[in-house]
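In: let me see the structure of the following:
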Amino acid sequence: MASKNNLNLGKSQVLSYKIHNWSSYSSHYVPENIQTNCPKVLSSRWSSDSNCPTQFLTLRLEPCSIVDSITFGKYERTHVCNLRMFKIYGGLCEDNMVELLSSGLKNDSQAEVFQITHKVGKSPLPCRYLKIVPLMSWGTSFNFSIWYVEIHGYDDPDVVNPCLVKYNEYREKEAIRLCLKHFRQHNYSEAFETLQKKTKICLEHPMLTELHTRLVLQGDFDVCETIMEEASKSNLFKYYISKQEYLPEWNPISMLSSVEDDKRPGMRGGHQMCIDVVTETIYLYGGWDGSQDLADFWAYKVADGKWQCLSRNTTEQGGPSARSCHKMCLDPDRRQIFILGRYLESNVRNISPLKSDFYLYDIESNTWTLICDDTGSEGGPKLIFDHQMCLDIEKSTIYVFGGRILTSTASTEERQSEASFSGLFSYHIPTNTWKKLKEDSTGTTPPNEMKSRIGHSMLFHSKNHKLYIVAGQRSKDYLSDFFTYDVVTNEIDIISDGSKKDGTQMPAAGFTQRATIDPELNELHVLSGLSKDKDKREEDVKNSFWVYYIDQNRWSCVYKNDSTSPGKSNKPTIEPCPRYAHQLVYDYVHKRHYLFGGNPGKPNSLSPKIRLDDFWSLQLCRPSNDSILRRCRYLIRKHKFHELASDNQVDALRYLQTELAETVNHKDEEETQEFQQLAASLFRNNEDIADHLLTVEKVNGHPHFTSRTQLFDDLVSFFPEDMSQPVGNLVDLIPV
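Out: Next up is the predicted model:
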């Protein structure tokens, strides 16, 4: 735990606690039962008498302590009342606690330990109370049960008291800063100066104090713009920019072709692509054109903007045969490409046994090598399709997960009534060695097991050494779960089971989603494919692009598009039509995605076998430093215009048409419309004032004090929190 390491708190111990409060309990399942660990006794638990309204248990620690971890014991078997989701709050006062943990228990018999790492400033949070709030049980609509709770931490006064002092000092400082902010906002200048002089506590960074003086007190708008320019040059808007949602910018590299062109790959789906981010080269191999499998091999040089056909038929160069639904990965250090798997129609599966060939392409020598003709006979996967494959460059190891196993139609032994799926394998390149890491888990997935599937996404994070696995399909079930596999510890972590009962927004259950990873930004990107709504019988092809922020454990939908016209949507921007069986690669160095081909999904009566051959680039954009500076200038000049309008409408109109007009972003519809309506404001006062500033009295010499204060608050929002005044307002703490 970070706090223990940083503060040398020593080894934690079991903390004593009492049951302080509870929401309810049923029969003899009293709260005190959680203080005794009896995993074989069914009645040794607390059980609520309802699952609504909010149920809780509040524990009182004796004495005040630093909590290091909390352990939940369980019954010896799975149980429907186990907590699938819960939150834990802590603090010194029962009525004022902060969230310490949001997690869930596995539905098994193993005790689980959760670390508590919440800090206030740089010091651990002292707690006298812990509140456990169940949110969901493993059984639908069942009451909540907790079998055993053990708390670890530190109760030595020599450890706790210094943290308590720091916590109280922090609260005292923040309370004073809130008062300073309130006094300044309401122009209580004498109170502000007296409190600041007495406490010697700074409200904010000197740059922002200077901004307040120049803007609110002096109305020197030109100097305010200069201050914002200095902030921009100092890169102070970086934190604000990092918190903004992405906006997609699609650019067509080549649109859907109407005639065959031998200078670029043709229409296809089920193909494979990979990218060399060092040379900015995209490789494309194979696929299905609607009538047959393909064996052509292409390279696209981003710098040149041209495709190069490396081979019309790789079989002729000793490479793989025509195929689709295979997988390909690239090793940029050794400049090698690996290809595994393919789909075979039943009429060509009449040989036994079916073999799974495994190929290597050397980029420098432009040569193919058959690594082995059957990975299944060497400890690897059998012949599979629609699996996933990714590479750990550092360890020279390829990971292969899922995919449906193809069986021979000529062998009665291989025929199965149900589809069989491949597990998780690793392949060590230097030693040419396969290893099975996980079997396919059928039925209800037991702890630390993986349910295999097809059409999923799998990505390797080079920094935390985890595989991220998203969605897929198993037989008729569309999956929307999301979990990780740690290649070092072999542990599985379920991020989401796909139920969405917790209200989490994430990509819909579907098939052939395409995902990429940015290990530097700690982000996953998912472009949806064929999706299945459980409430509808029909399958839908609706493209949506999602970003998962690993550090925040949060999904964000960047855009959605359900238009069926290639290259067009119901929006004015051009973007690719919805599709599946497409391919998406990501250059994490230059932060750009590339999309090629796929199946548009809805059959065309004139051409039912149509596939796509359009080629797109995608950049996920946030506001730039310059755009934030421009926005600040616009806000400052808009306010100056309002002040001019109250005194001299002719000067205001002239200012509107010149200096204010040059700061407007005419690509922003909302801002453009606002600018166009400003002329009408010459004849009325339409400035909106924030609720907490409505009580500010107008003071002689400061007729625009309130509106300038609001502008100041707007400008401050672009600065880092550690430079700025407190976010909250003092009046919001008053109970009503």
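In: what is the burial count for the closest residue to residue 643 other than its chain neighbours?
Out: Take residue 643 and drop its neighbours on the chain: the residue closest to it by CB to CB, 6 or more residues apart in numbering is residue 704, 5.6 Å away. Every residue, glycine included, has its C-beta placed from N, CA and C. The tally of other residues near residue 704 (other CB atoms under 10 Å) stands at 18.
In: could you do the one 10 residues further on as well?
Out: Neighbourhood size, residue 714 [other CB under 10 Å]: 15.
In: again with residue 320
Out: Neighbours around residue 320, by other CB under 10 Å: 23.
In: likewise the one 4 residues further on?
Out: Using other CB under 10 Å as the criterion, residue 324 is surrounded by 24 other residues.
In: one more: residue 344?
Out: Neighbour count for residue 344, taken as other CB under 10 Å: 19.
In: so it, which state does it fall into?
Out: coil (DSSP: H, G, I helix; E, B strand; the rest coil).
In: same for the longest strand belonging to the chain, what does it pack against?
Out: Longest strand in the chain, counting residues (DSSP state E): strand 57-73. Where contact means 3 or more CB pairs under 8 Å, 6 or more residues apart in numbering; DSSP states H and E, strand 57-73 is packed against helix 2-7, strand 13-15, strand 17-22, strand 83-93, strand 112-115, strand 126-137, strand 148-154, helix 157-185.
In: and the angle from whichever helix or strand comes after the fourth one to strand 83-93?
Out: This points to strand 83-93. Per DSSP states H and E, strand 83-93 leads on to strand 96-103 as the next helix or strand towards the C-terminus. Taking axes from the mean of the first three to the mean of the last three CA atoms, to 10 degrees, one finds strand 96-103 and strand 83-93 inclined to each other by 160 degrees.
In: from residue 489, how far off is residue 392?
Out: 14 Å (CB to CB, to the nearest Å).
In: between these two, which is the more surrounded one?
Out: residue 392 (19 against 9).
In: how about that one, what does it touch?
Out: 398-399, 460, 462, 465, 487 (CB atoms under 8 Å, 6 or more residues apart in numbering).
In: residue 234: which of those residues is nearest?
Out: residue 462 (32.0 Å; CB to CB).
In: so who does that closest one touch?
Out: 392-394, 519.
In: for residue 702, which residues are in contact?
Out: Contacts of residue 702 by CB under 8 Å, 6+ apart are 187, 216-217.
In: same check, this time on residue 466
Out: 460, 484-487, 493.
In: tell me the one of the residues you listed nearest residue 313?
Out: residue 460 (31.3 Å).
In: quick check: the gap between the closest one and residue 550.
Out: 13 Å.
In: so which of these two has more stuff around it?
Out: Neighbours were counted for residue 460 and for residue 550 using other CB under 10 Å; residue 460 has more, 23 against 20.
In: wait, isn't that one in contact with residue 469?
Out: No: the criterion here is CB atoms under 8 Å, and residue 460 misses it with residue 469 at 10.5 Å.
In: list the contacts of the closest residue to residue 92 other than its chain neighbours.
Out: Of all residues not flanking residue 92 in the chain, residue 128 sits nearest, at 5.1 Å (CB to CB, 6+ apart). The neighbours of residue 128, taking CB under 8 Å, 6+ apart as the test, are 60-61, 63-65, 91-93.
In: of those residues, which is the most crowded?
Out: Neighbour-wise, the contacts of residue 128 (other CB under 10 Å) top out at residue 65, 27 neighbours.
In: do you know the pLDDT at it?
Out: Per-residue pLDDT puts residue 65 at 96.
In: residue contacts, the nearest residue to it once chain neighbours are set aside?
Out: In this structure, residue 65 finds its nearest non-sequential neighbour in residue 155, 4.3 Å apart by CB to CB, 6+ apart. By CB under 8 Å, 6+ apart, residue 155 lies in contact with 13, 15-16, 61, 63-66.
In: residue contacts, the most centrally placed residue in the chain?
Out: The centre of the chain sits closest to residue 548, judged by CA atoms, centre = their mean, with a distance of 1.6 Å. Going by CB under 8 Å, 6+ apart, residue 548 touches 482, 506, 523-526, 554-556.
In: narrow those to just the buried residues.
Out: Those of the contacts of residue 548 that meet the buried threshold are 482, 506, 523-526, 555, by 16 or more other CB atoms under 10 Å.
In: what's the closest of those residues to residue 148?
Out: Distance to residue 148, by CB to CB, is smallest for residue 482 among these, at 29.2 Å.
In: right, and that closest one touches residue 495 too?
Out: Yes: with contact defined as CB under 8 Å, residue 482 counts as touching residue 495 (4.6 Å).
In: which residues in the stretch 601-736 of the chain form strands?
Out: Listed in chain order, the strands of the stretch 601-736 of the chain (DSSP state E, counting those that start in this stretch) span 612-621.
In: show me where pLDDT drops low in it?
Out: For the stretch 601-736 of the chain, the stretches with pLDDT under 70 are 602-608, 683-701.
In: residue 232 falls within a helix, correct?
Out: Yes: counting by three-state DSSP, residue 232 is part of a helix.
In: that one touches residue 630, doesn't it?
Out: No: contact between residue 232 and residue 630 fails when scored by CB under 8 Å: they sit 9.7 Å apart.
In: helix, strand or coil for the nearest residue to residue 432 once chain neighbours are set aside?
Out: Take residue 432 and drop its neighbours on the chain: the residue closest to it by CB to CB, 6+ apart is residue 371, 7.0 Å away. The three-state label given to residue 371 by three-state DSSP is strand.
In: would you map the helices across the chain?
Out: 2-7, 157-185, 189-199, 206-212, 221-233, 238-242, 625-647, 649-655, 669-677, 705-716 (DSSP state H).
In: between these, which gets nearest to residue 50?
Out: Once the helices of the chain are compared by CB to CB, helix 157-185 is nearest, at 35.4 Å.
In: going by neighbour count, list what's buried in the closest one.
Out: 159-160, 163-164, 166-167, 176-185.
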